[in-house]
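Peer 1: Here is my input; please provide its structure:
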Amino acid sequence: MGSKELFEGLWIEDKIDWVKHPVVHISFNAIGYKDLGLERAIEERLEDIAIENDLRLEKEGVAPKFNELLKKLNQNAGKRVVLLIDEYDKPIVDYIDEIETADKQRDILKNFYSIIKSADSYIHFFLVTGVSKFSRVSLFSDLNNLHDITLSPKFSCITGYTYKELSYYFADRMERICESQGIEKEQLFEQITHWYDGYSWDGKNRLFNPFSILCYFSDENFFNYWWQTGTPSFLIKLLRKGMHYHLEEVEGGQDLFESYTLNNLEYRSLLFQTGYLTIHAIEDYGLYTLGYPNKEVRDSMYRHLLGAFRHASTAYTQPLIVKIKKALDAQDIDRFIQLVNILFETLPYQIFIEDREAFFHAVLHIALNATGMFVETEVSTAKGQVDAVIHSDSAIYVIEFKLDESAEIALQQIRQQRYGSKYLSRGKEVLALGINFSSEQKAVAGWKLMPYGELLAEG
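Peer 2: Predicted coordinates:
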């Protein structure tokens, strides 16, 4: 039941008709289906709602009981019901890498949702939210009048803070932080934007993550709150299986946002729907460009990916990434090479050998990007494609990796293709680094570092 007093003084207070309706709120994140079983958990939630409204349910089974609840609430209150279902897909998503179990969960939910259309006369308003967009045929059967608002321009700013809202509602907190840390407001905004901004559902408006913003202003410290929320293991498994790790700029058409079935999972759709990718731009002919929204999400994904590709615990990933950055900033290449070798220590030999070049490039790409430094990988030039360019605090590294060849051949390629020439005017020392990796030893077999100018002079 609505409580008008909770909205006093807010914009919405005089914008709606305060007619009270009975409310059915079911959050699948909170009904304990893993302990009770999905059918029993749904039935207990329906019975709890009935008790809260002084009603008694007599029907058996989730669908009949659900229909009975809606009907009796409508009759008892003389008003139609507001139906709110949160995380409608969670009982399926939690078992998405166990297809047999996920199918059973889907069938139970399909039976549960099946009565909604026939109960339309009892329902005033129905809102369902969830992470994944399963096909309506899979779950909602005859319920063909649902309106998906994910990409609707009308609702593009509904799920986060805009720049204007952040500036207005958190002005006092930002002033306090600026004063205590001795920084300018513009500098603070830049940092907050870098960490927590960037979500977009129309390619125009950008939103700050509300959960992370609230946590930041509570702690007054930049931290990766996204990492704490967890990541579906099936998603990381899917990315590793398909060798998907180039996720900075992902292109696709409208079909990226369409529904899918359990047997037809699209990794780009899943990344968008779970919040790892957001819309960067919408171009002509319905071409969408997706990418990471901010540092927080980007760092979380790279940590998960590096752990998955290395077959190592993510607990050991972050310290290794930090050490790699420190070594490159200090131009300590011996230490950098040691850390590169550590990257491959936990990778099972058989898996590496089966697809050695793909795994080699994947692990290095993920690790270098995870450092937080500006890293360009597989950079196209007029004469070819350099493997990586790393912009550290002290230098710009132009790196060519070879597999089972030699570091000298790698440097020769950098010189012949003049990979580093466009970086000479950037105000930092440009260093050419050739690295040869042995697939047999799963370790660096040789490396050679030279100032790029000296390398050119040799030619």
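
Peer 1: Check which helices and strands whichever strand or helix holds Asp334 is in contact with.
Peer 2: In this structure, Asp334 sits in helix 333-345 according to DSSP states H and E. Applying 3 or more Cβ pairs under 8 Å, 6 or more residues apart in numbering; DSSP states H and E, one finds that helix 333-345 makes contact with helix 317-329, helix 356-370, strand 429-438, strand 443-451. The C-beta positions use only the backbone N, C-alpha and C, and glycine is treated the same way.

Peer 1: buried residues in whichever helix or strand comes after the last one?
Peer 2: Tracing the chain past strand 443-451, the next element assigned as helix or strand by DSSP H and E is helix 452-458. Applying a neighbour-count criterion of 16 or more other Cβ atoms under 10 Å, one finds Tyr452, Leu455, Leu456 buried in helix 452-458.

Peer 1: Give me the neighbour count for Ser406.
Peer 2: Neighbour count for Ser406, taken as other Cβ atoms under 10 Å: 14.

Peer 1: In contact with the residue nearest to it when sequence neighbours are not counted, which residues?
Peer 2: Once flanking residues are discounted, Ser406 sits nearest to Asn436: 5.1 Å by Cβ to Cβ, 6 or more residues apart in numbering. Contact analysis of Asn436 by Cβ atoms under 8 Å, 6 or more residues apart in numbering lists 401-407, 409-410, 444-447.

Peer 1: Drop anything exposed from those.
Peer 2: Among these, the ones that count as buried by 16+ other Cβ under 10 Å are Phe401, Lys402, Glu405, Ala407, Ala410, Val444, Ala445, Gly446, Trp447.

Peer 1: which residues does Tyr161 bridge with?
Peer 2: Beta bridges link Tyr161 to Phe208, judged by DSSP bridges.

Peer 1: Quick check: the gap between Phe126 and Leu57.
Peer 2: Using Cβ to Cβ, to the nearest Å, Phe126 is found at 20 Å from Leu57.

Peer 1: Arg303 too?
Peer 2: Look at Arg303 and Leu57: by Cβ to Cβ, they are 47 Å apart.

Peer 1: Neighbour count for these two, which is higher?
Peer 2: Arg303 (20 against 17).

Peer 1: Please parse this structure into its domains.
Peer 2: 4-147, 155-223, 233-295, 313-458 (automatic domain parsing).

Peer 1: so which of these comes closest to Gly307?
Peer 2: Closest approach to Gly307 among those is made by domain 313-458 (3.8 Å; Cβ to Cβ).

Peer 1: For the closest one, measure first residue to last.
Peer 2: Using Cα to Cα, to the nearest Å, the end-to-end distance of domain 313-458 comes to 44 Å.

Peer 1: centre of the chain versus that domain, how much separation?
Peer 2: Chain-centre distance of domain 313-458: 27 Å, with Cα atoms, centre = their mean, to the nearest Å.

Peer 1: Equivalent analysis for stretch 217-232, please.
Peer 2: Taking Cα atoms, centre = their mean, one finds the center of stretch 217-232 at 13 Å from the center of the full chain.

Peer 1: Would you mind measuring the gap between the ends of it?
Peer 2: Start-to-end span of stretch 217-232 (Cα to Cα) is 27 Å.

Peer 1: repeat for stretch 90-100
Peer 2: Where stretch 90-100 starts and where it finishes are 16 Å apart, if you go by Cα to Cα.

Peer 1: What residues of that stretch count as buried?
Peer 2: Using 16+ other Cβ under 10 Å as the burial criterion, the residues of stretch 90-100 that qualify are Lys90, Pro91, Ile92, Val93, Asp94, Tyr95, Ile96.

Peer 1: would TSV of these with distance to Ala358, pLDDT and secondary structure be doable?
Peer 2: As requested, the buried residues of stretch 90-100 are exported to TSV (distance: Cβ to Cβ, whole Å; pLDDT from 0 to 100; DSSP: H, G, I helix; E, B strand; the rest coil):
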residue	distance to Ala358	pLDDT	secondary structure
Lys90	33	89	helix
Pro91	35	91	helix
Ile92	31	88	helix
Val93	28	83	helix
Asp94	30	85	coil
Tyr95	29	86	coil
Ile96	25	80	coil
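
Peer 1: between the residues you listed, which is nearest Glu378?
Peer 2: For these, the nearest to Glu378 is Ile96 (31.1 Å; Cβ to Cβ).

Peer 1: contacting residues around Asp89?
Peer 2: Neighbouring residues of Asp89 by Cβ under 8 Å, 6+ apart: Phe28, Gly130, Val131, Ser132, Phe134, Leu139.

Peer 1: Can you add distance to Gln318 and give those residues back as a markdown table?
Peer 2: Shown next, in a markdown table, are the contacts of Asp89 (distance: Cβ to Cβ, whole Å):
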| residue | distance to Gln318 |
| --- | --- |
| Phe28 | 32 |
| Gly130 | 31 |
| Val131 | 25 |
| Ser132 | 28 |
| Phe134 | 34 |
| Leu139 | 38 |
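
Peer 1: Please flag which of those residues sit within helices.
Peer 2: Leu139 (DSSP state H).

Peer 1: Buried among the contacts of Asp89? Make that a PyMOL selection.
Peer 2: Buried subset of those, written as a PyMOL selection, criterion 16+ other Cβ under 10 Å:
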select buried, resi 28+130+132+134+139
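
Peer 1: Minimum pLDDT in the contacts of Asp89, which residue is that?
Peer 2: Of all these, Phe134 has the smallest pLDDT value, namely 65.

Peer 1: and the residue nearest to Pro210 when sequence neighbours are not counted, what pLDDT?
Peer 2: Leaving out its chain neighbours, the residue that sits closest to Pro210 by Cβ to Cβ, 6+ apart is Gly160, at 5.4 Å. With respect to pLDDT, Gly160 scores 94.

Peer 1: you'd agree Gly160 is up against Phe211?
Peer 2: No - in this structure, Gly160 is not within contact of Phe211 by Cβ atoms under 8 Å, at 9.3 Å.

Peer 1: These two - which one has more neighbours?
Peer 2: Between Gly160 and Phe211, counting by other Cβ under 10 Å, Gly160 is the more crowded of the two (24 against 14).

Peer 1: And the more buried one, its phi and psi?
Peer 2: phi -160, psi -180 (degrees, to the nearest 10).

Peer 1: For the remainder of this discussion, apply numbering that starts at 665.
Peer 2: With 665 as the first residue, the last one maps to Gly824.

Peer 1: Show the contacting residues for it.
Peer 2: So Gly824 contacts Tyr863, Leu871, Phe872, Asn873, Pro874 (Cβ under 8 Å, 6+ apart).

Peer 1: sorry, back to before: out of the contacts of Asn1100, flag the one nearest to Leu737.
Peer 2: Each of the contacts of Asn1100 was scored against Leu737 by Cβ to Cβ, and Phe1065 proved nearest at 64.9 Å.

Peer 1: That'll do, ta.
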